[in-house]
Each structure stands twice: as structure tokens, then as C-alpha cells.
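Enquirer: Please find the sequence and the predicted model below.
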Amino acid sequence: MFKPCFLIPVYNHEGPLPAIVRQLARFDLPCILVDDGSATGCAETIQHLAQQYPWVCTIRLPHNLGKGGAVKAGLRHAERQGYSHALQIDADGQHDLQDVPQFLATAQANPAAMVLGRPLFDASIPKARYYGRYLTHAWVYINTLSLDIADAMCGYRVYPLAATAELLRNAALENRMAFDIEILVRLYWQGVPVLSIPTKVGYPADGVSHFRGLEDNLRISRTHAKLFFGMLYRLPNLLARHFR
């Protein structure tokens, strides 16, 4: 049974968040807002949204864990509540919500698959972020021996919760920005197919980014290295899967 929900990790995004939630109202789906230890102003905004919209529920983490920690908490909650899929949307206003029906339709037609956004960037993306993604693309291709994951850093995605919950029970995944990459590679190793949907992504001029340049890049590099050795261990199975 296809029973999806929205999942939005939030850390001090009180500016764009109300408009995002307001736009999601037309889809008539439950929404989980994960407050990742936000400051008082954002925490109050999240609580107000939960009071305003009966289809919104909130999880409050006692301190900031990072995007990965917040998403993991939301995924576990969604699975416990009996949802089959979670459509993750970032809280900074980057994602084009006009594409929500396409994400949901693709997930419903392919319930075992991970549905992933393939960003079509406009001129607002910082050049360093744009070109830096190519290094991650190359490592992901190496660590999966596949081109199936078109962009592992896009946070606009639909998780199949049964397979995802199994992975979270059996592996300790990154808590911060490297999580987006690691969970996709590990789900692929687990046999989950990945489907990509082109979607417009922008960087709002007043947007709040929590990407910590040096720290997050080091974490991502360490994650790529860890996944590389994991790939070597799984090399026979990955090669067999490729030729099948």
C-alpha cells in the first residue's frame, strides 16, 4: 500500500519554512517537521505551523545533530507511523515544489525504488558548490560501479521506508552533510534501484545554508574513502549485478 508523507529537516529556517508548508497543503499528505535543535525563533515557528495545520507533526531534537541526524530521526518516525515512503524536502526553499506530483507518481509506480532529484541549476548556485559536486559524482560512480545515482547531494528525494529502515537498523550512518551521499550508496549496495527526476534547484539570495566548508568537505572526503573500502569488499557482488 502506497502511504507517503513529507519529511523536512529544519535548522533555523524560520524564514522560508512557512511558505514551503503552505504550498504543501494542496497535496493533502501528512508532513513531519524535524526540528534539529533550532534557536527559539525557529522552534516557535515550527510549533505554530503544527498548530495551524493538523496534517503537520513535529519532532524536536534536544540539540543540533546535523542534517543526517535529523533525517534519520524523521525516517524512523515515519516508519513507526506506518508510512511506506517519505518525500524529503529541504527547508531552505531550494526545491521546486511543482515537481512533487512527479516524485510521488514515480515512487508509487516503482515502490521499491529510491526516487532522486537530478538538479537543473540556475545561475544562483555558487560556482565552488557547482564544480565541487563533480568530485562527489566521480566517487559515487566508483563506489557503486554504476552511473545510476546521477546526483548524490540533492536532498529532494523519496525514500522507500522498508528498505531504508532496515539499513538504519544495521549501519551507523553519518550525521551531517555526508549523510545524503552515504545513504544512497548503501541503499544501492543493498539492492535498491535508483530513479532520477530532473528538477529545478535554485539558491535563494536570502537563503540560509548550513554547509560548513572545511568541516563538511573533510567529512565527505572521509565518507568517500570509507565507502571505497566498502565497495572493494562488495566488488564481486557489484560486478555480478552490473553484468546481470
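Expert: Cool, got the structure. Residues are numbered from 1 along each chain as shown.
Enquirer: Do a quick rundown of the strands in this structure.
Expert: When assigned using DSSP state E, the strands of the chain occupy the ranges 4-10, 31-35, 56-60, 85-88, 114-121, 157-160, 194-201.
Enquirer: So which elements touch the last one?
Expert: It stands for strand 194-201. When contacts are defined as 3 or more Cβ pairs under 8 Å, 6 or more residues apart in numbering; DSSP states H and E, strand 194-201 sits against helix 100-109, strand 114-121, helix 179-189. In short, each C-beta sits where N, CA and C put it, glycine included.
Enquirer: which residues are contacting the shortest one?
Expert: So the one you mean is strand 114-121. In this structure, residues lying in contact with strand 114-121 by Cβ atoms under 8 Å, 6 or more residues apart in numbering are 95, 99, 103, 106-107, 130, 149-151, 154-160, 184, 187-188, 192-202.
Enquirer: Now restrict these to buried residues only.
Expert: 95, 103, 106-107, 149-151, 154-160, 184, 187-188, 192, 194-197, 199, 201-202 (16 or more other Cβ atoms under 10 Å).
Enquirer: so how far is stretch 139-148 off the chain centroid?
Expert: 18 Å (Cα atoms, centre = their mean, to the nearest Å).
Enquirer: can you check stretch 174-194 too?
Expert: In terms of Cα atoms, centre = their mean, the centre of stretch 174-194 is set 10 Å apart from its chain centre.
Enquirer: pretty sure residue 60 is touching residue 32, no?
Expert: No - the pair residue 60 / residue 32 is not scored as a contact, 11.7 Å apart, by Cβ atoms under 8 Å.
Enquirer: More neighbours: those two, which one.
Expert: Neighbour comparison, residue 60 and residue 32: the larger count goes to residue 32, with 22 against 14 (by other Cβ atoms under 10 Å).
Enquirer: Thank you, goodbye.
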